[in-house]
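K.L.:
heads up, no residue letters with this:
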Ligand SMILES: NC(=O)c1ccc[n+]([C@@H]2O[C@H](COP(=O)([O-])OP(=O)(O)OC[C@H]3O[C@@H](n4cnc5c(N)ncnc54)[C@H](OP(=O)(O)O)[C@@H]3O)[C@@H](O)[C@H]2O)c1
């Protein structure tokens, strides 16, 4: 059986490990995260399942870490890029350390964009491949005032950027044989955010997220919301709202701005 090469970021725990396990029958791997010891454990498990594994420890919130993974992708042999590394960093904006804004945005948004750019030429040359970016349902909550949700200005902005990036990229990639998908899970029982969701009865398992995403990729889904039954209707409504807003592309200000 031929094996494709997958590069997975955030492969030391949670959803990243779930992807790797579900792909191990027919993929080799480059595994990326900061904790080299945890990556080594995952690599051992995957090798026992028959996969060849490279371990590439890197901090994707830094220029050096991002450059190291970008260089690896420029080789051009990766056929599936899973940009999954991320942190919550939940806090009201006024309480965020200004020095941490850059690395949070880089990790949660910029990294997946830069890595996708690096992976694409090899996939386009081969006429096949896929990119998956793990965003969050919080990407769609910018206008929702719900006290049960965490303070999330930066997280929502970054994850929404990856949703917009992927949806637009998917249009660019039509008819190339290369697919782009963004995954938007709700609450997932992982180590994320201090492991807060591990005991929540309504949390999805990381295995459920990976299963939905990989099945969705085969179905050709650009946006995958793992827990949503009627995804098509919701995405149609989103597209309708976007199309309505484009009505604002007009030569004069709208009537309400011309009253006085
Ligand atoms: N759990 C949820 O409720 C939930 C919901 C929606 C979306 N998500 C998204 O799902 C993705 C995976 O999270 P998870 O739930 O599986 O949580 P997790 O178990 O905490 O996994 C996060 C992964 O990202 C890696 N990572 C964090 N900071 C990094 C950095 N600076 N450089 C490189 N790797 C880094 C971590 O590895 P190291 O610590 O070893 O670097 C770990 O492998 C994230 O993008 C998250 O935003 C999670």
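P.N.:
Happy to help now that I have it. Everything quoted here is computed from the prediction, not taken from an experiment.

K.L.:
Stretch 100-117 and the ligand, any residue contact?
P.N.:
Yes. Using Cβ under 6 Å from any ligand atom, stretch 100-117 reaches the ligand at residue 107. Quick note: C-beta positions are derived from backbone N, CA and C, even for glycine.

K.L.:
pLDDT on that stretch, on average?
P.N.:
Mean pLDDT, stretch 100-117: 98.

K.L.:
Can you list the buried residues in it?
P.N.:
The neighbour-count check on stretch 100-117 (16 or more other Cβ atoms under 10 Å) flags 103-116 as buried.

K.L.:
Using a markdown table, please lay out those together with secondary structure.
P.N.:
As requested, the buried residues of stretch 100-117 are exported to a markdown table (DSSP: H, G, I helix; E, B strand; the rest coil):
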| residue | secondary structure |
| --- | --- |
| 103 | helix |
| 104 | helix |
| 105 | helix |
| 106 | helix |
| 107 | helix |
| 108 | helix |
| 109 | helix |
| 110 | helix |
| 111 | helix |
| 112 | helix |
| 113 | helix |
| 114 | helix |
| 115 | helix |
| 116 | helix |
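
K.L.:
Return the member of those residues nearest to residue 177.
P.N.:
The closest of these to residue 177 turns out to be residue 116 (Cβ to Cβ; 15.6 Å).

K.L.:
got the contact list for residue 87?
P.N.:
Remark: with contacts taken as Cβ atoms under 8 Å, 6 or more residues apart in numbering, residue 87 is in contact with 104, 107-108, 192-193.

K.L.:
quick check, nearest of those to the ligand?
P.N.:
Nearest to the ligand among the contacts of residue 87, counting by Cβ to the nearest ligand atom, is residue 192 at 3.3 Å.

K.L.:
count of neighbours near the closest one?
P.N.:
22 (other Cβ atoms under 10 Å).

K.L.:
And the pLDDT for it?
P.N.:
At residue 192, the pLDDT value in this model is 95.

K.L.:
ok, now residue 1?
P.N.:
66.

K.L.:
ok, now residue 161?
P.N.:
At residue 161, the model reports a pLDDT of 98.

K.L.:
Kindly report the residues of the stretch 1-150 of the chain close to the ligand.
P.N.:
Going by Cβ under 6 Å from any ligand atom, the residues of the stretch 1-150 of the chain near the ligand are 9-16, 33-35, 38, 59-61, 84-87, 107, 134, 136.

K.L.:
Out of those residues, list just those in strands.
P.N.:
9, 33, 134 (DSSP state E).

K.L.:
could you say which helix or strand contains residue 80?
P.N.:
strand 78-83 (DSSP states H and E).

K.L.:
Does anything pack onto that strand? Which helices or strands?
P.N.:
Other helices and strands packing on strand 78-83, by 3 or more Cβ pairs under 8 Å, 6 or more residues apart in numbering; DSSP states H and E, are strand 4-9, helix 14-23, helix 111-126, strand 129-134.

K.L.:
mean confidence for the first one?
P.N.:
It stands for strand 4-9. Per-residue pLDDT over strand 4-9 has a mean of 99.

K.L.:
follow-up on the earlier one: among the ones in strands among the residues of the stretch 1-150 of the chain next to the ligand, who's most crowded?
P.N.:
Going by other Cβ under 10 Å, residue 134 tops those with 29 neighbours.

K.L.:
Okay, and the beta partners of that one?
P.N.:
For residue 134, the beta-bridge assignment (DSSP bridges) gives partners residue 183.

K.L.:
Of the ones in strands among the residues of the stretch 1-150 of the chain next to the ligand, just say which sits nearest to residue 126.
P.N.:
residue 9 (20.9 Å).
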